[in-house]
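Novice: Just to be clear, the model below is a prediction. Sequence and coordinates:
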Amino acid sequence: MATIGLFYGTQTGNTETIAEQIQSEFGGSDVVAMHEISDADTDTFGQYNFIIVGCPTWNIGEMQSDWDAFYEEDLDNIDFSGKKVAYFGPGDQVGYAENFQDAMGLLEEKISGLGGETVGHWPTDGYEHEASKAVKDGKFVGLALDEDNQAEQTEDRIKTWVSQLKSEFGL
């Protein structure tokens, strides 16, 4: 069984593509099992001590629709105690500068409140946004990606972040 569970929601396919890149950088499906959140249930989260959550921010700071439904109906039924949880999400820092990566921040706040230990914090340097619910103590709570304005940086950011997570997960 894979060591890490990666749970993602996608509208346009960007988040799924990023999830596949993260899985590949970790070493493939033997290390990271991918779960589309629309097909996942609360028991699936219990199989992993290391979790990666991927969710794009839509419209004005909203979660992707499948994550939104899971957030409202199922997330409170999961005990994240003893689990290390990392977050990533695509967003648009130019078009939505006042709520860039808000979905990632909303998920992190809820999951940490359910006992999850947040790992994989990411610097805000190199981004141009005005506000974000995903920024705590001067850093993003996870990997912030912008496929609309900084797609050329995605591959390097993923490589750096996965290297960081390997250390933080103790792998």
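Specialist: Perfect, thanks for sending it. Worth saying up front: this structure is predicted, and the values here are computed from it rather than measured.
Novice: For the nearest residue to residue 94 once chain neighbours are set aside, which three-state class applies?
Specialist: Excluding its sequence neighbours, the residue lying closest to residue 94 (Cβ to Cβ, 6 or more residues apart in numbering) is residue 149, at 5.2 Å. (C-beta placed from N, C-alpha, C; glycine too.) Reducing the assignment to helix, strand or coil with DSSP: H, G, I helix; E, B strand; the rest coil, the entry for residue 149 is coil.
Novice: Residue 149: what's it in contact with?
Specialist: If a contact means Cβ atoms under 8 Å, 6 or more residues apart in numbering, then residue 149 has 92-94 as its contacts.
Novice: Outside of stretch 89-98 itself, list whatever touches it.
Specialist: Here stretch 89-98 makes contact (Cβ under 8 Å, 6+ apart) with 14-15, 18, 54-57, 59-61, 100-104, 127-131, 134, 142-150.
Novice: Looking at those, which are in helices?
Specialist: Filtering those for membership in helices, criterion DSSP state H, returns 14-15, 18, 102-104.
Novice: By neighbours, which of the residues you listed wins?
Specialist: Scoring the ones in helices among the contacts of stretch 89-98 on neighbours with other Cβ atoms under 10 Å, the highest-scoring entry is residue 104 at 31 neighbours.
Novice: Quickly note the distance from it to residue 29.
Specialist: Residue 104 sits 24 Å away from residue 29 when distances are taken as Cβ to Cβ, to the nearest Å.
Novice: Equivalent analysis for residue 94, please.
Specialist: Distance, residue 94 to residue 29, using Cβ to Cβ: 35 Å.
Novice: Could you export the lengthiest strand in the chain as PDB, CA atoms only?
Specialist: Secondary structure of the chain per DSSP state E: the longest strand is strand 84-90. Coordinates of the C-alpha atoms in strand 84-90 are reproduced here as PDB (Å, rounded to 0.1, in the frame of the first residue of the first chain):
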ATOM      1  CA  LYS A  84       0.700  15.100   8.900                       C
ATOM      2  CA  VAL A  85      -1.200  17.000   6.200                       C
ATOM      3  CA  ALA A  86       0.200  19.000   3.300                       C
ATOM      4  CA  TYR A  87      -1.800  21.300   1.000                       C
ATOM      5  CA  PHE A  88      -1.500  22.600  -2.600                       C
ATOM      6  CA  GLY A  89      -3.700  24.500  -4.900                       C
ATOM      7  CA  PRO A  90      -3.800  26.300  -8.100                       C
END
